[in-house]
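1. next one to model:
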Amino acid sequence: MDILNINLNLLKTFWAVYKTGGVNKAARMLDMAPPQVTYHIKQLEKQLDKKLFIAHKKGVDPTGDASLIYPMVESIFENLQKCNEQLYPISSGTIRLGMTTLHASFFLVKFMQGFREKYPDIKLEIFHHPQHDYLEMLERNEIDVALHLLLREPTEQMQDFELPNHQMAFFATKKFTAEHGIGNEITLEQLTKLPLVMFSLMKTKSTLTRLEDFYQRQFQVVEAPTTHAAYDMAMNGHGIGYFFEEYIDAQSNDQIVRLKIKDAPQPPNRAYHCAYKKKASTLVTTFIKELKRFYHV
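-> Model (predicted):
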């Protein structure tokens, strides 16, 4: 069959699978069921008489034919997106975002700068709820988008997807490591015997319990009321800090020592999620589309 006669939806599914590297990720991106994505790909392969993807445990790998046509298919959808934006321009409006100040300050800065440049008349309002239950705020229509640690599953009325994982790390001051004779390396036993400074609301299944499950050990925790307070406490020698690497790097403090565990793997990555109502406004769906595009979700 001539590719000019191919159904555009099949090409869109191909584009999403190639871009995300998996059927399930493409399904979330397109808001489709995974079997429907698989069916679209099989139909496209049948119509083109070409094998496009090779499945494996972690997802799919594109074939040579898939890699050949992908840049042109991507160009098609980029041009269609530009056409859509010109036909149905979004003039103005406000999007209310629920997220931690840490997330806003370190992980979304570049995205939000680009979004504001592209949509200068759309205002982004950031809400920081003290209990961090952004899903509840979303349910009560207090925010439009929740960017959160997955403390509980979203309701059936919400759409949820995972943003790229962020690496966690342990750190302490040079003075603290010298006092405890640990240098920049530490054993897991030493780590569990020293105080671990954490933001108090991080003592949940999403962080502390996840860490203890990962190492099969219990930690001594010193609680702090905010992320910045936890950092200050660690810098004042109250214990070992446990933070996102991006946060530690941003401090540019020559007194910080990044700790490596000698006899165990480094701590697991931590993921943020994005949730929004399935019946979202055009403003919100535009924001989500740009967010997915930025993170290649």
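2. switch to C-alpha atoms for all contacts and neighbour counts from now on
-> Noted.
3. residue 241 should be in a strand, yeah?
-> Yes: when DSSP: H, G, I helix; E, B strand; the rest coil is applied, residue 241 is found to be in a strand.
4. which residues are in contact with it?
-> Contacts for residue 241 were tallied using CA atoms under 8 Å, 6 or more residues apart in numbering; they are 170-172, 196-198, 230-231, 234.
5. would you list the buried entries among those residues?
-> Neighbour counting with 16 or more other CA atoms under 10 Å marks 170-172, 196-198, 230-231, 234 as buried within the contacts of residue 241.
6. reformat the residues you listed as CSV; add pLDDT.
-> Below are these laid out as CSV (pLDDT from 0 to 100):
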residue, pLDDT
170, 93
171, 93
172, 93
196, 92
197, 91
198, 84
230, 86
231, 88
234, 92
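7. make CSV out of those residues and add secondary structure and distance to residue 185.
-> Below are these laid out as CSV (DSSP: H, G, I helix; E, B strand; the rest coil; distance: CA to CA, whole Å):
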residue, secondary structure, distance to residue 185
170, strand, 10
171, strand, 10
172, strand, 11
196, strand, 16
197, strand, 18
198, strand, 20
230, helix, 21
231, helix, 20
234, helix, 17
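8. closest one of those residues to residue 14?
-> Comparing the buried ones among the contacts of residue 241 against residue 14 with CA to CA places residue 170 closest, at 40.9 Å.
9. touching, that closest one and residue 258? I think so.
-> Yes: in this structure residue 170 lies within contact range of residue 258 using CA atoms under 8 Å: 6.2 Å.
10. quick one, helices of the stretch 51-200 of the chain?
-> Ranges of helices within the stretch 51-200 of the chain are 64-87, 101-102, 109-118, 134-139, 174-179, 188-193, based on DSSP state H, counting those that start in this stretch.
11. just name the most buried of the ones you listed.
-> Highest mean neighbour count among the helices of the stretch 51-200 of the chain (mean count of other CA atoms under 10 Å): helix 134-139, with a mean of 20.
12. check which helix or strand residue 268 maps to.
-> Assigned by DSSP states H and E, residue 268 belongs to no helix or strand.
13. so it sits against residue 170, correct?
-> No: judged on CA under 8 Å, residue 268 makes no contact with residue 170 at a distance of 11.3 Å.
14. now the residue nearest the centre of the chain: how far from residue 46?
-> What sits nearest the mean C-alpha location of the chain, by CA atoms, centre = their mean, is residue 163, with 1.8 Å. Distance check for residue 163 against residue 46: by CA to CA, to the nearest Å, it reads 33 Å.
15. equivalent analysis for residue 70, please.
-> Taking CA to CA, one finds residue 70 at 17 Å from residue 46.
16. ok, now residue 57?
-> 23 Å.
17. ok, the two, which is more surrounded?
-> residue 46 (12 against 6; other CA atoms under 10 Å).
18. OK, contacts around that one?
-> Contacts of residue 46 (CA under 8 Å, 6+ apart): none.
19. buried ones in the helix or strand that contains it, by neighbour count?
-> Using DSSP H and E, residue 46 sits within helix 34-48. Neighbour counts using 16+ other CA under 10 Å place 34, 37-38, 40-42, 44-45 of helix 34-48 among the buried residues.
20. about what we covered before: right, and the residue nearest to the centre of the chain touches residue 274 too?
-> Yes: using CA under 8 Å, residue 163 makes contact with residue 274 at a distance of 7.0 Å.
21. buried set for stretch 278-292?
-> 283-285, 287-288, 290-291.
22. including distance to residue 126, could those go into JSON lines?
-> What follows is the buried residues of stretch 278-292, written out as JSON lines (distance: CA to CA, whole Å):
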{"residue": "283", "distance to residue 126": "15"}
{"residue": "284", "distance to residue 126": "14"}
{"residue": "285", "distance to residue 126": "17"}
{"residue": "287", "distance to residue 126": "14"}
{"residue": "288", "distance to residue 126": "15"}
{"residue": "290", "distance to residue 126": "17"}
{"residue": "291", "distance to residue 126": "15"}
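23. out of those, who's nearest residue 222?
-> For those, the nearest to residue 222 is residue 291 (35.1 Å; CA to CA).
24. work out for me the element the closest one sits within.
-> Using DSSP H and E, residue 291 falls in helix 282-295.
25. what are the contacting residues of that helix?
-> 29, 90, 93-95, 111, 115, 144-145, 163-164.
26. what do you get for stretch 173-190?
-> 234-237, 239, 255-264.
27. stretch 152-172 too?
-> With contact meaning CA under 8 Å, 6+ apart, stretch 152-172 is reached by 28, 135, 234-235, 237, 239-245, 256-260, 266-279, 295, 297.
28. quick check: buried residues in it?
-> Those would be 154, 158-163, 166, 168-172, for stretch 152-172 by 16+ other CA under 10 Å.
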